[in-house]
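Trainee: Fold the stuff below for me.
(2 chains)
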Amino acid sequence: MNDSNVTECPASPALKLKKRSRDPVLTQRLAFAFLFVSTLLIIVPVGLIIVIIVQKGLPGITWQFLSDIPRQGMRSGGIFPAILGTIYLVSGAIVFALPIGLLSAVYLSEYARGNFLTRLIKLAIVNLAGVPSVVYGLFGLALFVTFFKFGASILSGALTLGIMILPIIITASLEALESVPHSFREASRSLGASRWQTIRYVVLPNAISGIITGTILGLGRAAGETAPILFTVAAFYLPQLPGSIFDQVMALPYHLYVISTQVPNVDEKIRYGTALVLLAMVLFMNLAAVVIRCRFRKKKKW
Amino acid sequence: MRKLKEFVIEKLILFCGLASIFFVVLIFLFLLKEGLAVFKTVTPPQFLFGKSWYPISEPPHLGILPLILGSLMVTLGAALISIPIGVACAVYIAEVAPLKIKEILKSGIELLAAIPSVVLGFIGMVTIVPWIKSIFHLPTGLTALSGAVMLAFMAMPTIVSIAEDALYSVPKTYKEGALALGATHWQAIHRVILPAASSGIMAAVMLGIGRVIGETMAVMMITGNAAVIPHSILQPVRTLTATIAAEMGEAVVGSEHYFALFAVGIVLFVISFIVNVGADLFLHKKEQ
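Mentor: Sure thing, here's the model as predicted:
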């Protein structure tokens, strides 16, 4: 980019720093080529993964596959119970995590002072986000399944997933709340509104897009996770629909794990089809989040 | 009346604000509650450095050294692959790529972060595993190397996005100063921007490694799950996470095996705690 001016003044100080006399322009070309190849090494496989799954999974997607129960030990039939199970789990997780996460973000953005407690809360959020997913599974097993005696049930699984996605919701909501200009709050307070009224009628409505985006990203994460539901809810093979929140369910990610490692001789079409449905579900949520973010960003007047 | 309502709401907000601390402590307490019981049968050194893991033999052998080494081998392999490529990609996105391509690349990275680990594990089973089997003429492709390659890939989004943030937050004047002194763009990146962003990049690397150590489903599906001390990267291994996921379903509640798996959970929790606090310190060093 700045090749030309360097070749014109070869005695520049930056060059004298180098003892070896190598052509800096050539070095730059080589370096940029390395950076470019590294980037391709990440991006190309991502594209390939999506293409492979769509190409091999699409022929298996029929209405029957989506709406039928698994038959013949999961070697034929559909995946409807797993889809429904995942929807139940994700809804339950969000019902639990959204209120707590949102209020937690409100606290951090509107009430917290820059003191030790705030630092501690932020550190806890980072840690919560970093706890391995299988450890959440253990925690859910110990607390919800065993201690509270919920058993392996939708309730246990949804609560475990809810705690897992809490940091995602807090972080996204906090960012949204903090991006509301300070002058909005000052204007509202100067009109005599109380702190809570300001939050309720000024800050939250202006931050809603970021909050929705974060919520959807949390949903996507919850839908794809397997390890936290292994011991808290997921059923290996349960060809019927759950009756209450104390029932076990099948779930898509666990089902994919089961048919690709635990059950021999499953038709490729079913494996790839299941992978495609799961991937489509997760990517659709991410796409929705991106679209909402873009639409609201255009509407923003500040 | 309104005052009372607001008082209640504000207390509720404070309460929820503390929820994160509450849950972190709760997770740790419950892991301790279930896991510490294992130390009635084995001493902590025996548990951490015992060379054999046969949890259901009589008496059970509960040494997790093979699992620690398995995790270590896979993590090191993944780090060796993902750190150079990830940081290079971050530099490319932050400094070199034209604006339009930059957006596409960023969404590509976000896409990778969104793919569920069980889907990546499945893809690893049908691609990397057979490749490694045929390239190295092995009896099985389910090896530490397959796991390392897949995990490197899963660590990339974390490394790239945090490192890119760190590079982006280097003041533009630094770069302009270097260019004004006649440095090429690459010299400015290499000598000025990268050193200035180094603590952020360190944090990115640490969080990436944290992600690798904690990853469960993909490793369980492609590393072969043999709980023996590995001697080469072309052997099957079993990681700490995969052990919990694979065995907890069969462990009898209240047995030695059950307690031992929770103790493995404690080890994982402590590792992730150290990694995250460390990364946080690096990020705050940058702010000062």
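Trainee: by contact count, what packs against the helix or strand harbouring B:E6?
Mentor: In this assignment (DSSP states H and E), B:E6 forms part of helix B:2-17. Counting contacts by 3 or more CB pairs under 8 Å, 6 or more residues apart in numbering or on different chains; DSSP states H and E, helix B:2-17 is packed against helix A:80-106, helix A:195-198. Quick note: C-beta positions are derived from backbone N, CA and C, even for glycine.
Trainee: can you list these in CSV and add mean pLDDT?
Mentor: Below are those laid out as CSV (pLDDT from 0 to 100):
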stretch, mean pLDDT
helix A:80-106, 94
helix A:195-198, 91
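Trainee: quick one: which of the ones you listed is nearest B:L179?
Mentor: helix A:80-106 (40.3 Å; CB to CB).
Trainee: just checking, next helix/strand downstream of the closest one?
Mentor: Next along from helix A:80-106, by DSSP H and E: helix A:116-130.
Trainee: Give me the contact list for the helix holding B:E6.
Mentor: Defining contact as CB atoms under 8 Å, 6 or more residues apart in numbering or on different chains, one finds that helix B:2-17 is touched by A:99-100, A:103-104, A:106-108, A:110-112, A:121, A:194-196.
Trainee: Mind jotting down where the strands sit in chain B?
Mentor: B:53-54, B:61-62 (DSSP state E).
Trainee: quick one: low-confidence ranges for the stretch 201-302 of chain A?
Mentor: A:300-302 (pLDDT under 70).
Trainee: near chain B, which residues of it?
Mentor: A:220, A:223-227, A:230-231, A:253-254, A:256-257, A:260-261, A:271, A:275, A:278-279, A:282-283, A:286, A:290 (CB under 8 Å from any CB of the partner chain).
Trainee: and these, which are buried?
Mentor: A:220, A:223-227, A:230-231, A:253-254, A:256-257, A:260-261, A:271, A:275, A:278-279, A:282-283, A:286 (16 or more other CB atoms under 10 Å in any protein chain shown).
Trainee: A:L102 against A:I169, yeah?
Mentor: Yes - counting by CB atoms under 8 Å, A:L102 does reach A:I169; the two are 7.0 Å apart.
Trainee: that older thread, right, so the strands of chain B: which one is the most enclosed?
Mentor: strand B:61-62 (a mean of 19; mean count of other CB atoms under 10 Å in any protein chain shown).
Trainee: Pull the distance from that strand to the chain's centre.
Mentor: 26 Å (CA atoms, centre = their mean, to the nearest Å).
Trainee: Quick check: longest helix in chain B by residues?
Mentor: The single longest helix within chain B, with elements called by DSSP state H, is helix B:256-287.
Trainee: do that helix and chain A meet?
Mentor: Yes - shown here: helix B:256-287 in contact with chain A (CB under 8 Å from any CB) through B:L261, B:F262, B:G265, B:L268, B:F269, B:S272, B:F273, B:V275, B:N276, B:V277, B:A279, B:D280.
Trainee: pLDDT score assigned to the nearest residue to the last one once chain neighbours are set aside?
Mentor: Yep, that's B:D280 we're talking about. The shortest distance from B:D280 to any residue other than its chain neighbours is 5.5 Å, reached at A:V126 (CB to CB, 6 or more residues apart in numbering or on different chains). In the predicted model, A:V126 carries a pLDDT score of 92.
Trainee: Contacts only, for A:V126.
Mentor: Contacts of A:V126 (CB under 8 Å, 6+ apart): A:P167, B:N276, B:A279, B:D280.
Trainee: Can you work out which other helices and strands pack against the helix or strand harbouring the first one?
Mentor: Secondary structure here is read from DSSP H and E; on that basis A:P167 sits in helix A:154-178. Identification of packing neighbours for helix A:154-178 by 3+ CB pairs under 8 Å, 6+ apart yields helix A:80-106, helix A:116-130, helix A:133-140, helix A:204-224, helix A:227-230, helix B:19-35.
Trainee: mind listing what's buried in the fourth one?
Mentor: Translated: helix A:204-224. A:204, A:206-207, A:209-224.
Trainee: hmm, back to that, now the helices and strands packed on helix B:2-17 as a markdown table including distance to B:A251?
Mentor: Formatted as a markdown table, these follow (distance: least, CB to CB, whole Å):
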| stretch | distance to B:A251 |
| --- | --- |
| helix A:80-106 | 23 |
| helix A:195-198 | 49 |
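Trainee: Just give me the residue right at the centre of the chain.
Mentor: As the question left the chain open, I've gone with chain A. When CA atoms, centre = their mean is applied to chain A, the residue found nearest the centroid is A:R221 (3.4 Å).
Trainee: hm, I was asking about chain B
Mentor: B:R211 (1.7 Å).
Trainee: Contact partners for the closest residue to A:G85 other than its chain neighbours?
Mentor: Leaving out its chain neighbours, the residue that sits closest to A:G85 by CB to CB, 6+ apart is A:V249, at 3.2 Å. Residues near A:V249 by CB under 8 Å, 6+ apart: A:P81, A:L84, A:G85, A:Y88, A:L89, A:I154, A:G157, A:V233, A:A234, A:A235, A:L238, A:P242.
Trainee: With respect to B:V219, which of those is nearest?
Mentor: A:A234 (18.4 Å).
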